[in-house]
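K.L.:
How does the following fold in three dimensions:
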Amino acid sequence: MWIVILPILASALRLATPLIFSALGGTFSERSGVVNIALEGIMVMGAFFSILFADFTGSPWIGVMAAILAGMLTALLLGVVSIHLQGNQVVMGTAINILAVGLTSYLLQIIYKRFGQTDAITNALTNNPTILAFLEKLPVVGKAFFSGLTPFVYLAFFAVGLSYYVLFRTPFGLRVRAVGEHPKAADTVGVNVYKIRYICVLISGALAGIAGASLTVGYTAIFREHMVSGKGFIALAAMVFGKWHPVGALLACLFFGLAEALSIQGSMLGIKIPTEFMHMLPYVATILALIGVVGKAVAPAADGEPYEKGEN
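P.N.:
The predicted structure follows:
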């Protein structure tokens, strides 16, 4: 039983990792009042530029830094239109998603002279960090569970703890939550609403960029068109399911990761269901989860509402 269950749990952690980073990014953005539908597109940008720079420099960590920068620049576009120009946040996020897919496809053809996917890199972060290598030697669970976990898995859990601390235990987090609930009141007491929202949108871009990098330099070692496959939207669902809370988002992402792991490894459990239906499982789980929180999950009061200084 353990031989079957432990690899599935390890797979669930790996598959949940990009969702965790992206959901945390969405939490920061929406806690400040900016709806970030663009998480999907930011993940695509992070995935492409991480593999590009890891390939050209030979360092996967430079690839991760490139993913963070690409994610922040993409998010900045959303911030300028949504915060400064007061454009429709959902429409702009959708436009960024379309732009990211088209731009990375174009750059793939220009740089790699091929369609579909990049060349595979040989320096992907597919092994455990040295400091945690001893976990593989644990009896029963060592090889079956820890051998497949990448540094991104551990970083994701660290990011959850750090996000919780920042949002709920620091003055900055208090300002973020105030801006997301009642920006005019926050402005009245001297909080710069625009500055806080820009910072949170950039944080969301950085985290979603890392999510994209975790798919490429942290897992597959290649960039493939359409490899994100709706994970940004599942991360948004996890954020809502987790009620805009880092720990709640983590638990939701683990649930969705487990659903995807079961869809991939269902044959190991002897499940006699057509493969096509098994691949639908993560998306069906997402829909059911959202149905379950309808009317129960309440977004920040000013989420999605542009703010104009001095308005009544």
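K.L.:
Now do the phi/psi pair for Met224.
P.N.:
Not Met; residue 224 is Arg. The phi and psi values for Arg224, taken as degrees, to the nearest 10, are phi -130, psi 140.
K.L.:
Kindly report the same for Gln117.
P.N.:
phi -160, psi 160.
K.L.:
Quick check: it touching Glu225?
P.N.:
Yes - between Gln117 and Glu225 a contact is recorded at 6.8 Å, counting by CB atoms under 8 Å. Quick note: C-beta positions are derived from backbone N, CA and C, even for glycine.
K.L.:
Distance from the chain centre to the top helix by length along the chain, please.
P.N.:
Across the chain, the longest stretch assigned as helix under DSSP state H is helix 2-31. Distance, stretch centre to chain centre, for helix 2-31: 9 Å (CA atoms, centre = their mean, to the nearest Å).
K.L.:
and it, which residues are buried?
P.N.:
6-31 (16 or more other CB atoms under 10 Å).
K.L.:
With stretch 190-209 instead?
P.N.:
For stretch 190-209, using 16+ other CB under 10 Å, the buried residues are 191, 193-194, 196-209.
K.L.:
got it, and stretch 105-113?
P.N.:
Ser105, Leu108, Tyr112.
K.L.:
any idea which helix or strand carries the first one?
P.N.:
What it means is Ser105. helix 89-112 (DSSP states H and E).
K.L.:
ok and that helix relative to helix 2-31, angle-wise?
P.N.:
Helix 89-112 runs at 120 degrees relative to helix 2-31, counting by axes from the mean of the first three to the mean of the last three CA atoms, to 10 degrees.
K.L.:
May I have helix 89-112 as PDB, with CA atoms only?
P.N.:
C-alpha atoms of helix 89-112 as PDB (Å, rounded to 0.1, in the frame of the first residue of the first chain):
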ATOM      1  CA  GLN A  89      -9.000  44.500 -14.400                       C
ATOM      2  CA  VAL A  90     -10.600  41.300 -15.800                       C
ATOM      3  CA  VAL A  91     -10.400  42.400 -19.400                       C
ATOM      4  CA  MET A  92      -6.800  43.500 -19.000                       C
ATOM      5  CA  GLY A  93      -5.900  40.200 -17.300                       C
ATOM      6  CA  THR A  94      -7.500  38.200 -20.100                       C
ATOM      7  CA  ALA A  95      -5.500  40.300 -22.700                       C
ATOM      8  CA  ILE A  96      -2.300  39.500 -20.900                       C
ATOM      9  CA  ASN A  97      -3.000  35.800 -20.900                       C
ATOM     10  CA  ILE A  98      -3.500  36.000 -24.700                       C
ATOM     11  CA  LEU A  99      -0.500  38.100 -25.200                       C
ATOM     12  CA  ALA A 100       1.800  35.800 -23.200                       C
ATOM     13  CA  VAL A 101       0.800  32.700 -25.200                       C
ATOM     14  CA  GLY A 102       1.300  34.500 -28.500                       C
ATOM     15  CA  LEU A 103       4.600  36.200 -27.500                       C
ATOM     16  CA  THR A 104       6.200  33.100 -26.100                       C
ATOM     17  CA  SER A 105       5.200  31.100 -29.200                       C
ATOM     18  CA  TYR A 106       6.700  33.800 -31.400                       C
ATOM     19  CA  LEU A 107       9.900  34.000 -29.400                       C
ATOM     20  CA  LEU A 108      10.200  30.200 -29.400                       C
ATOM     21  CA  GLN A 109      10.200  30.100 -33.200                       C
ATOM     22  CA  ILE A 110      12.600  33.100 -33.500                       C
ATOM     23  CA  ILE A 111      15.100  31.900 -30.900                       C
ATOM     24  CA  TYR A 112      15.000  28.100 -31.200                       C
END
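K.L.:
tell me the average confidence for it?
P.N.:
For helix 89-112, mean pLDDT is 93.
K.L.:
Kindly report the same for stretch 231-249.
P.N.:
92.
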